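In: Build me a model from this:
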Amino acid sequence: MRQALSIAVLLLSGCNRVDDPANIPQRGHWETRLKLVALTIDDRSIDRSEAPFAIPADRTEDKGCFEPRVRTIDEANALFAQMSENQCHFESLDHAGTSILGRGRCAPRARNGVTTGGTFTLTGEEAAARIKGVQAVDAFAHLPDGQTVRAHVAYSVTAERLGDCGR
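Out: Okay, here's the model as predicted:
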């Protein structure tokens, strides 16, 4: 499920040398931010430090000069397939107008007597100089004693155009 936490970044691509007028976000110098906004285990809110598993740190990344473009479902699933030990895939990815809605699943996986799996969603809106959304993962862990633990993790995802290329 750790790979599912990079869903939004996985969906963005771009390498155009000139702005594509058919694409809403404009070519320029972009920065992406990923920030934890919700973490619950068995319906109890907890801090990142209390999590019994690794929660990736919030991060800000300078993407340099490019034009963000939302990948197609086939492109995104091809990237998921390249990730080692990953059994996640998008079941749907709708990109209509400025709205983005993706839903997917990570197949159950057993390791050390614990079986994990879950689902993920990504909702967002794009504009010429900003892409903003929320990605959420709902995971389960079936433990050897028969107990099932459920976790919900959500991140705010922002891509912001800082200015023209060359800055």
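In: contacts, neighbours, all on C-alpha from now
Out: Fine.
In: so what does the strand or helix carrying Thr115 touch, helix or strand wise?
Out: Here Thr115, judged by DSSP states H and E, is contained in strand 114-127. On a contact count with 3 or more CA pairs under 8 Å, 6 or more residues apart in numbering; DSSP states H and E, strand 114-127 meets strand 99-111, strand 130-142.
In: gap between the two ends of stretch 64-74?
Out: Terminal residues of stretch 64-74 lie 25 Å apart, using CA to CA, to the nearest Å.
In: hang on, the earlier thing: got the angle between the strand holding Thr115 and strand 99-111?
Out: Interaxial angle, strand 114-127 versus strand 99-111 (axes from the mean of the first three to the mean of the last three CA atoms, to 10 degrees): 170 degrees.
In: Tell me how far strand 114-127 lies from the chain's centre.
Out: Here the centre of strand 114-127 is set off from its chain's centre by 6 Å, with CA atoms, centre = their mean, to the nearest Å.
In: What of stretch 95-108?
Out: Worked out by CA atoms, centre = their mean, stretch 95-108 lies 10 Å from the chain centre.
In: Can you give me the buried ones in it?
Out: Within stretch 95-108, the residues scored as buried using 16 or more other CA atoms under 10 Å are 95, 100-108.
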